[in-house]
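In: Any chance you can model this:
(one chain, ligands or ions: 1)
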Amino acid sequence: MRMFKLALCQIKGSFDKKESMATVTRYVETAAENGAQVISLPEMWNCPYSNDYFREYAEAEDGPTVKFLSDLAAKNDIYLIGGSIPELDGGKVYNTSFSFDRSGQIIGKHRKVHLFDIDVKGGIRFMESDTLTAGKDMTILDTEFGKIGVAICYDVRFPEWFRKMALAGAKLIVLPAAFNMTTGPAHWDITMRVRALDNQVYFAANSPARDENGPYVAYGNSCIASPWGDFIAHADEKESILYGDIDLDYEDSVREQLPLLKHRRPELY
Ligand SMILES: O=C(O)CCC(=O)C(=O)O
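Out: Sure thing, here's the model as predicted:
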């Protein structure tokens, strides 16, 4: 099939995992009822986004959250890109996105490769590397709709990583992410559009909804950019489900008319 419906669930986090799971269940069921075949969640949806909580909330791959996501994918007969959660493995904590097929099988596991360590004066300081370990591997899901790349938030700032994904065949890239109120207004929209445009892919960024009272105020503004570089869907800061039709024939036609990927001169750079 050359066309499928993607849904991004822009939901608020909470301190209570059970409450977060109940919210996720509601949103995923609604998106599936509305015809979405691939559904995604935000970064760290089951854990407050703070170094104070990552280890406390972390779970192993055989823990309850991965089981919950697997059951949810199977029950709703959808591909699920499970946002990200703190994953505990060998005493280390990773920011990890698990993905599932329609039967609930894990088909991808992305550990955030670029850790979010920034110090913007008068804005935001965050040092993920104080508590988290970086992953090393590129993640591309093989699905009945084609290849879907998965990366997490700060990964988006490294264009080489996404070019590599496009060259490996990714047609859609999904980014569970949680920009903030300093870098969000400055860089979110333009970065998502340009990753789509440069690589001639659909590019979808799934933020949590904004919670002014939470430990981390996310920017929201989940969005889906087309291979032409325009937005086909864009949320505000509130809880919502964002839908987009991913049309791979359209993607092919953009690539034929403006053959950027063919015109590269890798022997020169
Ligand atoms: O790159 C940014 O500005 C934000 C990144 C971020 O919030 C994250 O990686 O979680």
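
In: Flag every residue of this structure that's near the ligand.
Out: Residues of the chain lying close to the ligand by C-beta under 6 Å from any ligand atom are 43, 116, 153-154, 157, 178-180, 183. For the C-beta atoms, the positions are set from N, CA and C on the backbone; glycine is no exception.

In: Go again with 5 Å.
Out: Those residues of the chain that sit near the ligand, judged by C-beta under 5 Å from any ligand atom, are 116, 153-154, 179, 183.

In: can I get these in TSV with distance to P227 and pLDDT?
Out: Below are the residues of the chain next to the ligand laid out as TSV (distance: C-beta to C-beta, whole Å; pLDDT from 0 to 100):
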residue	distance to P227	pLDDT
F116	27	94
C153	22	98
Y154	23	98
F179	22	97
T183	25	97
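
In: What is the nearest of these to K12?
Out: Distances from K12 to those, taken as C-beta to C-beta, are shortest for F179 (15.3 Å).

In: Contact partners for the closest one?
Out: Neighbour list for F179: 153, 187-188, 207, 218-219, 221 [criterion: C-beta atoms under 8 Å, 6 or more residues apart in numbering].

In: again, but for L8
Out: L8 neighbours (C-beta under 8 Å, 6+ apart): 39-40, 204-206, 222, 224, 233, 235, 241-242, 244.

In: On the pLDDT front, check it for me.
Out: Looking at L8, its pLDDT is 98.

In: Just give me the closest of the contacts of L8 to the ligand.
Out: Distances from the ligand to the contacts of L8, taken as C-beta to the nearest ligand atom, are shortest for A205 (10.8 Å).

In: so after the host helix or strand of that closest one, what's the next helix or strand?
Out: Following DSSP states H and E, one finds A205 within strand 202-206. Under the assignment DSSP H and E, the closest C-terminal helix or strand after strand 202-206 is strand 223-225.

In: so where's the stretch 1-150 of the chain shaky on pLDDT?
Out: Counting by pLDDT under 70, the ranges of the stretch 1-150 of the chain that qualify are 1.

In: For it, give the residue positioned nearest to the ligand.
Out: For the stretch 1-150 of the chain, C-beta to the nearest ligand atom, closest residue to the ligand: F116, 3.3 Å.

In: Quick one: the helices in the chain, in order.
Out: Assigned by DSSP state H, the chain shows helices spanning 17-33, 54-57, 64-76, 159-167, 183-199, 248-257.

In: Output the ones you listed in JSON lines; the columns should cover mean neighbour count.
Out: JSON lines is the format used below for the helices of the chain (neighbours: other C-beta atoms under 10 Å):
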{"stretch": "helix 17-33", "mean neighbour count": "17"}
{"stretch": "helix 54-57", "mean neighbour count": "17"}
{"stretch": "helix 64-76", "mean neighbour count": "19"}
{"stretch": "helix 159-167", "mean neighbour count": "17"}
{"stretch": "helix 183-199", "mean neighbour count": "19"}
{"stretch": "helix 248-257", "mean neighbour count": "14"}
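
In: Among the ones you listed, which comes closest to I173?
Out: Closest among the helices of the chain, using C-beta to C-beta: helix 159-167, at 6.1 Å.
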